[in-house]
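Enquirer: okay, structure incoming, though there's no sequence with it:
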DNA sequence: GTCTATAAATAGATAGAC
DNA sequence: GTCTATCTATTTATAGAC
């Protein structure tokens, strides 16, 4: 449960933000139809009527979340805005580049489990959040990593092949690992390994997998 | 929508099976709480009362699905029961082994999208299906592939490292690819590639990634 | 901004006739 | 095996007082 504050009179904006926050949490945990407005109200420590004062109906509340989430973060930080990653890309330090990509992905995923769950729910329920996310984030990620791979292929460092398939292979390792740890197998029954080890291993496997010269 | 048969009097068993089938479809599309018994009844072309004649309540219907799904298929076919895969494993044909694993995974995933969606819903909603699946299928898969990798490490063919992390890397590529194609990005906006190409590429990347000698 | 009370709609579940 | 009718509980949503 979240806050559950009682008898605290908030300003309209505060209450609005609080409700959004609570709704994100609850929707991400139990999905849209699995969450009741009653619960949201109780969690905020106010009556249901107040919830409907802030949001005309449940759908509007959901849409407010989408706007908020899709714009304000995304998955928080974009790799292409990370200075170190940018630098590693420039200097063509292949291993450090992919290792850092993996490590920062894991860190961000862990920071925003609620968002990841929301995304999954959204994808399953066919809401727009997941599509917006693909467009605003994943598509660019493919470009960002894909163009680096292309570059290194031109350098003669990586072997030939569709860069986007390579990207999918790499992202697959990352996303699947986070999804396992955070959603599917939080008890770590399949595999319990530190994010650092995972990042290092994945970077090495991937790099050896697409590089012309093998490095150990 | 499914069948929507009308005025057809079925035997008890037929009706029972039909309801299960419809419920799987609807639950997998909209989740448990997102599906109403009314809808199920309408879809089957009978009254709600009939649904409750077959299943005491909604939960029981859900459990019946779990039993049915978790036991009778799983994800249908187990790789360790596939003759060809078994043979490739014996003969240590590394590339063919992993390639075939990938290809057969994609084929099975595609055949059972409903089950995959059900699994995701189940994981998000915290039902037991996903846990059962992990135990009955994924855990064994880790063992199956992991032990092969161990073997090949002992042979001196694969480099050192935790076999289970290697497995995660490989399964990551496969699962992520299917999840993208079947659930997250069915329109193939990120990447549109044939399963054959994907399987081949993933097997090659992975194998070069963990092998001592590079092969192209 | 907040409440209580309540309406309206929908969901799950049952009774009893055929 | 099937229906109609109905009941109850829950959920969404509104009214009106403070």
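Expert: Received, thanks. Computed from a prediction, not measured in an experiment: that's the story for all the values here. Numbering: from 1, shown residues only, chains lettered A, B, ... in the order given.

Enquirer: which parts of the lowest-mean-pLDDT helix or strand in chain A are buried?
Expert: In chain A, no helix or strand scores lower on mean pLDDT, DSSP states H and E than helix A:58-72, which sits at a mean of 84. Within helix A:58-72, the residues scored as buried using 16 or more other Cβ atoms under 10 Å in any protein chain shown are A:58, A:61-62, A:64-66, A:69-70. For the C-beta atoms, the positions are set from N, CA and C on the backbone; glycine is no exception.

Enquirer: near DNA strand D too, which of these?
Expert: Restricting those to those near DNA strand D by Cβ under 7 Å from any atom of the strand leaves residue A:58.

Enquirer: quick one: distance of the next helix or strand after the least confident helix or strand of chain A to the chain centre.
Expert: Counting by DSSP states H and E, the next helix or strand C-terminal to helix A:58-72 is helix A:83-91. Distance, stretch centre to chain centre, for helix A:83-91: 22 Å (Cα atoms, centre = their mean, to the nearest Å).

Enquirer: so what's the residue count around the closest residue to residue A:148 other than its chain neighbours?
Expert: Leaving aside its sequence neighbours, residue A:148 sits nearest to residue A:89 (Cβ to Cβ, 6 or more residues apart in numbering or on different chains; 5.8 Å). Neighbour count for residue A:89, taken as other Cβ atoms under 10 Å in any protein chain shown: 22.

Enquirer: likewise the one 10 residues further on?
Expert: The burial metric for residue A:99, expressed as a neighbour count using other Cβ under 10 Å, is 21.

Enquirer: so which helix or strand takes in it?
Expert: Going by DSSP H and E, residue A:99 is part of helix A:94-111.

Enquirer: buried set for that helix?
Expert: A:94-106, A:108-109.

Enquirer: from those, which two are the most distant?
Expert: A:94 and A:109 (22.8 Å; Cβ to Cβ).

Enquirer: which stretches in chain A count as helices?
Expert: Counting by DSSP state H, chain A has helices at residues A:12-30, A:37-44, A:48-54, A:58-72, A:83-91, A:94-111, A:113-125, A:128-133, A:139-154, A:163-179, A:195-210.

Enquirer: packing partners of the shortest one?
Expert: So the one you mean is helix A:128-133. helix A:58-72, helix A:113-125 (3 or more Cβ pairs under 8 Å, 6 or more residues apart in numbering or on different chains; DSSP states H and E).

Enquirer: distance between that helix and the chain's centre?
Expert: That offset, for helix A:128-133, works out to 12 Å (Cα atoms, centre = their mean).

Enquirer: for that helix, what does the pLDDT average out to?
Expert: What helix A:128-133 shows for mean pLDDT is 87.

Enquirer: list the buried residues in it.
Expert: So, applying 16+ other Cβ under 10 Å, buried residues of helix A:128-133: A:129-133.

Enquirer: neighbours around residue A:127, how many?
Expert: 18.

Enquirer: that one and residue B:125, how far apart?
Expert: 16 Å (Cβ to Cβ, to the nearest Å).

Enquirer: which residues does the residue nearest to residue A:58 when sequence neighbours are not counted contact?
Expert: Leaving aside its chain neighbours, residue A:58 sits nearest to residue A:37 (5.9 Å; criterion: Cβ to Cβ, 6+ apart). The contact partners of residue A:37, by Cβ atoms under 8 Å, 6 or more residues apart in numbering or on different chains, come to A:48, A:51-52, A:58.

Enquirer: same thing with residue A:49?
Expert: By Cβ under 8 Å, 6+ apart, no residues touch residue A:49.

Enquirer: just the pLDDT at the residue nearest to residue A:58, thanks.
Expert: Residue A:37 is given a pLDDT of 98.

Enquirer: show me what from chain A comes close to DNA strand C.
Expert: Residues of chain A lying near DNA strand C (Cβ under 7 Å from any atom of the strand): A:8-12, A:15, A:45-50, A:53.

Enquirer: pull out the buried residues from those residues.
Expert: A:15, A:45-46.

Enquirer: just give me the neighbour total for residue A:193.
Expert: 16.
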